[in-house]
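Asks: Sequence and predicted model, in that order:
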Amino acid sequence: MNAVEIEQALSDLAAQAFDGAEFPFQFLAAFGNKATTIQRLRKGDSNASDVPGGLLQRNHIHIAVAEPGEVGKTLTALKASLKTAQAKAKFILATDGATLEAEELATGDAIACEFPQFPDHFGFFLPLAGISTIKEIKDNPIDVRATGRLNKLYVELLRENPAWASEKRRPDMNHFMARLIFCFFAEDTDIFLGDSLFTTTVDRMSERDGANVHEVLETIFRAMNTTTDARAAAGLPRWANEFPYVNGGLFSGSTEVPKFTRTARSYLYQAGQLNWREINPDIFGSMIQAVADDEERGALGMHYTSLPNILKVLNPLFLDDLRAQLESAGENKIKLLNLRKRMAHIRVFDPACGSGNFLVIAYKQMREIEAQINRLRGEANLASEIPINNFRGIELRDFPAEIARLALIIAEFQCDVLYRGQKEALTDVLPLDSQNWITCGNALRLDWLAICPPTGTGVKLVGDDLFNTPLDQAEIDFTNEGGETYICGNPPYRGSKWQTDEQKSDMVNAWAKHPKLAKTTDFVTGWFARFFDYADQEPNAVAAFVATNSVCQGQQAIEVWPAAYQRGCEIRFAHSSFKWTNLASNNAGVTVVIVGLGKTSTLTKRLYQDDLVKQCTAIGPYLVPDSLAYVEKVSSPIGEQSVMLFGNMPRDGGHLFLDSDEAAHITAKDAVAMPFVKRFIGSDELINGRQRYCLWIEDDEAHAASASNFIAQRLKLVAENRKKSEAESTRAFAQRPHRFVQIAGVARKHQILVPGVSSENRQYLPCDYLPASCIASNKCFALYDAPLWNLALIASRLHWVWIGTVCVRLEMRFSYSNTLGWNTFPIPPLTEQNKADLTACAQEILLAREAHFPATIADLYEPDTMPDDLRRAHEKNDETLERIYIGRKFKNDTERLEKLFDLYTKMTAGQGKPKKGKAK
């Protein structure tokens, strides 16, 4: 379940007559627990509560229904319960149907309220559904509630008005919803005079069955598009004259409204009962955009991006500098005035703006700084000099674009109320400005310079329709010539393999000056390309984009960033990889980086890693400080490490493989087949200890092996499967069914194996030392008969850091590469003593693992439960290896990377590596 559904379920539960026996089960059902789970708890099969009237769900919550007036006492008993701790309950909750108290045990956060009000705290309980609690949602439920109410209304209206669901009419439907949102907000903030003017009027003037609701709304909308002077001639009914003239294009054009049912009228009334004064436009806009998208409606309410994440983009882009200037100005009124003038000329442009949350937050943060300036200058009530139309955006879809405009209007009014007072805010809010500052269109096709020109010297047009202004009216009258332009946003993510034909065409257009990159890079890089074009004309502009971390890893890193250097651009600042999460249930989040782009300069660069920031002279393609080097695949190692090859690929249709039972049976019953049954090791087998076997038959053993009826039957099936293959190379091996199609190598004594893909959550890369009798899969890389000290390199933190940086990742998982990760791994010259020391370290690691048999690598390398002796063995290995590099242990991973890239640059100098800035 999503946040909206949970809020609705809890609201429904609170509205029912309280049933003490049923409440705990009803509460758990509201969070999406399956009927079978509830049934087991009812039976007592999985309810281990030791508190009278209690219900305990392991890893989740301990609930108890208390006697009247005994809620506090019961909550204390839940907290003291041994079962609460044993079951690792995250929450405790007690209620008597009159009051309710709950506590989150890990944080100590608690709530206490009257029972009917407990749904107001639904955000407090969201972790029960696997949803990370967002502070803004936890503290203020209105945004989720409003989204839920509007969604129900939207769905009901489309059901009753199927024509409005068509591609042709859907923009009309979305425009209608934007009008409703404004009306709800306006009546709760006194923009409309009177108490709940809009909701009350609709309720009073419309029939209970909803038959004439559309007529009432059409009349209200017509009134808000009619100036005071024109009202007498317009023939508006007296009750409609109470609504003010709004203009701004919000109510211009057609006033047609979809037909309402009794149910739709009820949903409209319910939405009007909410307190829209508290709406948060940077949250609400993100959530509501899913209402109008059939594909996204199942994820309703999950699209909110937290304020801290957005500030990771905006703060280093320009807000930190503004705050620093404010602090530097102190109480100097001249400096404060100059800063205020500077801010009035700043343009913020989001060319993938969605519902506008980046723009809204940028606006609100700037208004906060301006308010501090005004207070320090003794001008607290001064009207804002920051034009809302300096916050510009491009959005592909019409409804989010409308919501973005509306969100900025709401944000402006709320800031005026906060910093100037309700009276002054109301004086300036109406009529709305009709200038167009959000453009609905394709950001990879439109001319950014036309939409956000660097000065005010462009065509000076004022649109007459806020929501339907043509693209050729995008250039409005700016009075901020010479101001700064900051481009920001979170463009859509999609890898090159998953782009639609239309998106591929968009990429070709964006990367017109570097056509090869259109075919191989993530969709988000199209926004990089358009910024490079923009910066060619406006060299002072700076941009910061959230991007998939893959653009700073592996092959993309050595394609995108040399092109940037060629265009005279650099990375001004960056955030290293982190999870960009939202409100989705059990959402792991997309792994992203933030890159700040600008023309090449001598400015100090800043690299952010968690809460740390490193000042540096340059930030390279892999977000490494002070190094612009980039790593290319090489066919052989650049250092002393042994050759690493792929494992072996069967292409057999599965007929050369056996599970554990089959292998045991054949080796016990078939003496001819027994020597040819070998353990087969791929990534899963190496990490999780899965037992898998294969038939491994050398060419000179094929005749002897065929004497086994079992093997002969299997080889026949392999041959038939290969004959049907689409690959000519595979069909050719139908004549040699005993043999794997691709054999990279075979160990004669031993082998060191590394999985092709593994989790990033381990502190060390998984690897193992295995006998020659095992066969390496193509899902692994292998060092055949290599000295054991190679394992000490692979198992080191240094190698973990290198692979995580230069190789491609799948989400955050490591995707290992011999040519890109192992062969390029820079190693200082090793003495024989160094190799002996590393060999001893590798042996200690293997012995520590052996002491915990039959624990698998997955078991042993779980970060929180890694055995102490194994951890000490790895720490000794790290110290031994790192002393070879710098004579001591490295302080952190950043220092490790800096040394590795410095050494890599020295080792590859003069070997034909691309020069800095050369585009691929």
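Replies: That came in fine, so what should we check first?
Asks: Which positions within stretch 706-722 qualify as buried?
Replies: Residues of stretch 706-722 classed as buried by neighbour count (16 or more other CB atoms under 10 Å): Ser706, Ser708, Phe710, Ile711, Arg714, Leu715, Val718, Ala719, Asn721, Arg722. Placement of C-beta: from N, CA and C, glycine included.
Asks: Might you specify the subset of the residues you listed located within strands?
Replies: Per DSSP state E, strands hold no members of the buried residues of stretch 706-722.
Asks: Which parts of the stretch 451-600 of the chain are strands?
Replies: Assigned by DSSP state E, counting those that start in this stretch, the strands in the stretch 451-600 of the chain fall at 485-489, 542-548, 569-580, 590-599.
Asks: Including distance to Glu402, could the ones you listed go into JSON lines?
Replies: Shown next, in JSON lines, are the strands of the stretch 451-600 of the chain (distance: least, CB to CB, whole Å):
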{"stretch": "strand 485-489", "distance to Glu402": "18"}
{"stretch": "strand 542-548", "distance to Glu402": "23"}
{"stretch": "strand 569-580", "distance to Glu402": "25"}
{"stretch": "strand 590-599", "distance to Glu402": "26"}
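Asks: To Trp511, which of the ones you listed lies closest?
Replies: Trp511 sits nearest to strand 569-580 of all these, at 14.1 Å, using CB to CB.
Asks: got the angle between the closest one and strand 590-599?
Replies: Put simply, strand 569-580 runs at 160 degrees to strand 590-599, going by axes from the mean of the first three to the mean of the last three CA atoms, to 10 degrees.
Asks: Provide the strand pairings for strand 569-580, with the direction of each partner.
Replies: Strand 569-580 has these partner strands in its sheet, going by DSSP bridges: strand 590-599 (antiparallel), strand 605-609 (parallel).
Asks: Relative to the whole chain's centre, how far out is the longest one?
Replies: In terms of CA atoms, centre = their mean, to the nearest Å, the centre of strand 590-599 is found 13 Å from the chain centre.
Asks: low-scoring stretches of the stretch 401-550 of the chain, by residue?
Replies: Applying pLDDT under 70 to the stretch 401-550 of the chain flags residues 433-436, 455-482.
Asks: sorry, back to before: just name the most buried of the strands paired with strand 569-580.
Replies: Counting by mean count of other CB atoms under 10 Å, strand 590-599 has the highest mean neighbour count of these, with a mean of 22.
Asks: What mean pLDDT does that strand get?
Replies: Averaging pLDDT along strand 590-599 yields 90.
Asks: before we move on, what about stretch 151-169?
Replies: Here the average pLDDT along stretch 151-169 is 88.
Asks: What are the buried residues along it?
Replies: Neighbour counts using 16+ other CB under 10 Å place Asn151, Lys152, Leu153, Tyr154, Glu156, Leu157, Leu158, Asn161, Trp164, Arg169 of stretch 151-169 among the buried residues.
Asks: Extract the CA atoms of it and return them as PDB.
Replies: Listed next in PDB are the C-alpha coordinates belonging to stretch 151-169 (Å, rounded to 0.1, in the frame of the first residue of the first chain):
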ATOM      1  CA  ASN A 151      -7.600  11.100  -6.700                       C
ATOM      2  CA  LYS A 152     -11.000   9.600  -5.700                       C
ATOM      3  CA  LEU A 153     -12.800  12.600  -7.300                       C
ATOM      4  CA  TYR A 154     -10.700  12.300 -10.400                       C
ATOM      5  CA  VAL A 155     -11.300   8.600 -10.900                       C
ATOM      6  CA  GLU A 156     -15.100   9.000 -10.300                       C
ATOM      7  CA  LEU A 157     -15.300  11.900 -12.800                       C
ATOM      8  CA  LEU A 158     -13.500  10.000 -15.500                       C
ATOM      9  CA  ARG A 159     -15.800   7.000 -14.900                       C
ATOM     10  CA  GLU A 160     -18.900   9.300 -15.400                       C
ATOM     11  CA  ASN A 161     -17.300  11.200 -18.200                       C
ATOM     12  CA  PRO A 162     -15.300   8.700 -20.400                       C
ATOM     13  CA  ALA A 163     -14.800  11.300 -23.100                       C
ATOM     14  CA  TRP A 164     -12.800  13.400 -20.700                       C
ATOM     15  CA  ALA A 165     -10.400  10.500 -20.400                       C
ATOM     16  CA  SER A 166      -9.500  10.600 -24.100                       C
ATOM     17  CA  GLU A 167      -6.200  12.000 -25.200                       C
ATOM     18  CA  LYS A 168      -8.000  15.000 -26.700                       C
ATOM     19  CA  ARG A 169      -9.900  15.900 -23.500                       C
END
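Asks: Give me the residue ranges of the protein where confidence is low.
Replies: Using pLDDT under 70, the flagged stretches of the chain are 1-2, 45-46, 131-141, 248, 282-305, 433-436, 455-482, 581-589, 809-812, 910-920.
Asks: and Asp670, which of the strands of the stretch 451-600 of the chain is closest to it?
Replies: Nearest of those (CB to CB): strand 590-599, 48.8 Å.
Asks: for the strands of the stretch 451-600 of the chain, which one sits closest to Thr824?
Replies: strand 569-580 (19.9 Å).
Asks: So what angle separates the directions of the closest one and strand 542-548?
Replies: 40 degrees.
Asks: re earlier: out of the buried residues of stretch 151-169, which sit inside helices?
Replies: Residues of the buried residues of stretch 151-169 located in helices (DSSP state H): Asn151, Lys152, Leu153, Tyr154, Glu156, Leu157, Leu158.
Asks: Switch these over to CSV; also include distance to His874.
Replies: Output for those, formatted as CSV (distance: CB to CB, whole Å):
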residue, distance to His874
Asn151, 51
Lys152, 55
Leu153, 58
Tyr154, 56
Glu156, 60
Leu157, 61
Leu158, 59
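Asks: Leu847: how many residues sit nearby?
Replies: Per other CB atoms under 10 Å, the neighbour tally for Leu847 reads 12.
Asks: Apologies, that question was intended for Leu319.
Replies: Leu319 has 19 nearby residues by other CB under 10 Å.
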